[in-house]
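> here you go, sequence then predicted model.
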Amino acid sequence: MKKKILVIAIIFVVAIEVYLRCYWGFCDAVLTQESDKFEYIAQPNQNRFRFRKHIRYNEYSMRSDSPKLSDSIRILGFGDSVLNGGTQTEQDSLATSIIEHELSREYSESIRCFNISYDSWAPDNCFAYIKEYGNFDADLIFLVVSSHDAHDNMDFQQVVDIHPRYLSRQYSSAIYELVDRYLIPRILAEKKKEADPIVKGNVFNSGFLSFYRYTQEKNIPLLVYLHPDRREVLNGKYDYQGDKIIKFCHDNRIPLINGLKYEDELSFRDIIHLNEHGQRVLAHALLPEIKRLLNSNRNK
């Protein structure tokens, strides 16, 4: 009897392990690597199936397919987890994928829109990337930022293999990953009192000015999209940090798209991240201004 129970238990555990791996993509997480230039980034050349979604990173750690010699126009989209979409967004549902598809269809050309982003990146992380890899002969650059990016400067605190969002290697067991990475942190979080808000300081992020100067020097059109969080949508206005970003863009005549005009509560999957509907909203808010800037640049 004991032997039978043991066999049943083993079969049950193996079945759960296989189910978590094959259906939900456990042990196939997006992996991160440290960088002394931009803190951390997705490891290159990843093709993941996670939480029923497909996630791909090319050899330059972009969440996009590789650049090709046949590309006629290249657009670089920079941002954090909002633009990146995370593991809850299908690759083809990303705003950058939608923009690429729509422009290529409309212009009947191979137009690329590269997604250069990662969790908690701010404009200084993004600009450090462009300093490291170059601009890939970009015809246009856009930034997707949020109010908190105004003061979110790089501090190079180690997070890889310390914070569960930034793993450099896979778990060996799907069950252990479920328990260690998700269940235990959630239980501990529920027991903790509400944390004090993170104070970022008051130094305006250097990446904004760096991108402005760089694109002016290279004669590359620059566009900024200011993404509101759910609270800002409910309040109908940005906080004081968002106002600083708006002022910076106004003072430097950088085209800025006000996300409050496009996003609503249905666009979000949590307090700040966009669901797949929200990614479509973002894409269609960006497209008219991208086309205007591309056409203007072509006619010069």
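Right, received. Where do you want to start?
> V18: how many residues sit nearby?
Around V18 there are 11 other residues, counting by other CB atoms under 10 Å. In this view, the C-beta of every residue, glycine as well, is placed from N, C-alpha and C.
> how close does it sit to F12?
11 Å (CB to CB, to the nearest Å).
> buried sites along the one helix or strand G242 maps to?
Under the criterion of DSSP states H and E, G242 resides in helix 240-251. Using 16 or more other CB atoms under 10 Å as the test for burial, helix 240-251 gives 241-242, 244-246, 248-249.
> from the rest of the structure, what touches the helix or strand that that helix is followed by?
For helix 240-251, the following helix or strand on the C-terminal side (DSSP H and E) is strand 256-258. By CB atoms under 8 Å, 6 or more residues apart in numbering, the residues outside strand 256-258 that reach it are 223-226, 245-246, 249-250, 285-286, 289.
> adding pLDDT and distance to H151, write those out as CSV.
Shown next, in CSV, are the contacts of strand 256-258 (pLDDT from 0 to 100; distance: CB to CB, whole Å):
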residue, pLDDT, distance to H151
L223, 98, 22
V224, 98, 16
Y225, 98, 19
L226, 98, 15
I245, 98, 10
I246, 98, 15
C249, 98, 16
H250, 98, 19
A285, 98, 25
L286, 98, 24
E289, 97, 26
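> mind putting the residues you listed into JSON lines with distance to C113?
Formatted as JSON lines, the contacts of strand 256-258 follow (distance: CB to CB, whole Å):
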{"residue": "L223", "distance to C113": "12"}
{"residue": "V224", "distance to C113": "16"}
{"residue": "Y225", "distance to C113": "13"}
{"residue": "L226", "distance to C113": "19"}
{"residue": "I245", "distance to C113": "22"}
{"residue": "I246", "distance to C113": "24"}
{"residue": "C249", "distance to C113": "21"}
{"residue": "H250", "distance to C113": "26"}
{"residue": "A285", "distance to C113": "14"}
{"residue": "L286", "distance to C113": "9"}
{"residue": "E289", "distance to C113": "13"}
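> need the helices for the chain, in chain order.
For the chain, the helices defined by DSSP state H occupy 2-24, 81-84, 95-107, 123-133, 174-177, 184-191, 206-218, 230-235, 240-251, 276-298.
> please state the offset of the fifth one from the chain centre?
Spelled out, that is helix 174-177. Relative to its parent chain, helix 174-177 has a centroid offset of 25 Å by CA atoms, centre = their mean, to the nearest Å.
> other SSEs contacting it?
helix 2-24 (3 or more CB pairs under 8 Å, 6 or more residues apart in numbering; DSSP states H and E).
> convert the C-alpha atoms of the helix it packs on to PDB, please.
Output of helix 2-24 as PDB, limited to C-alpha atoms (Å, rounded to 0.1, in the frame of the first residue of the first chain):
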ATOM      1  CA  LYS A   2       2.800   2.400   0.900                       C
ATOM      2  CA  LYS A   3       4.600   1.600  -2.300                       C
ATOM      3  CA  LYS A   4       1.400   2.300  -4.300                       C
ATOM      4  CA  ILE A   5       0.900   5.600  -2.600                       C
ATOM      5  CA  LEU A   6       4.600   6.600  -3.300                       C
ATOM      6  CA  VAL A   7       4.200   5.700  -7.000                       C
ATOM      7  CA  ILE A   8       1.000   7.700  -7.200                       C
ATOM      8  CA  ALA A   9       2.700  10.700  -5.500                       C
ATOM      9  CA  ILE A  10       5.700  10.500  -7.900                       C
ATOM     10  CA  ILE A  11       3.400  10.400 -10.900                       C
ATOM     11  CA  PHE A  12       1.400  13.300  -9.500                       C
ATOM     12  CA  VAL A  13       4.500  15.400  -9.000                       C
ATOM     13  CA  VAL A  14       5.900  14.600 -12.400                       C
ATOM     14  CA  ALA A  15       2.600  15.400 -14.000                       C
ATOM     15  CA  ILE A  16       2.600  18.800 -12.300                       C
ATOM     16  CA  GLU A  17       6.200  19.500 -13.400                       C
ATOM     17  CA  VAL A  18       5.400  18.600 -17.000                       C
ATOM     18  CA  TYR A  19       2.200  20.700 -17.000                       C
ATOM     19  CA  LEU A  20       4.000  23.800 -15.500                       C
ATOM     20  CA  ARG A  21       6.800  23.500 -18.100                       C
ATOM     21  CA  CYS A  22       4.800  22.700 -21.200                       C
ATOM     22  CA  TYR A  23       1.700  24.700 -20.700                       C
ATOM     23  CA  TRP A  24       2.800  27.700 -18.700                       C
END
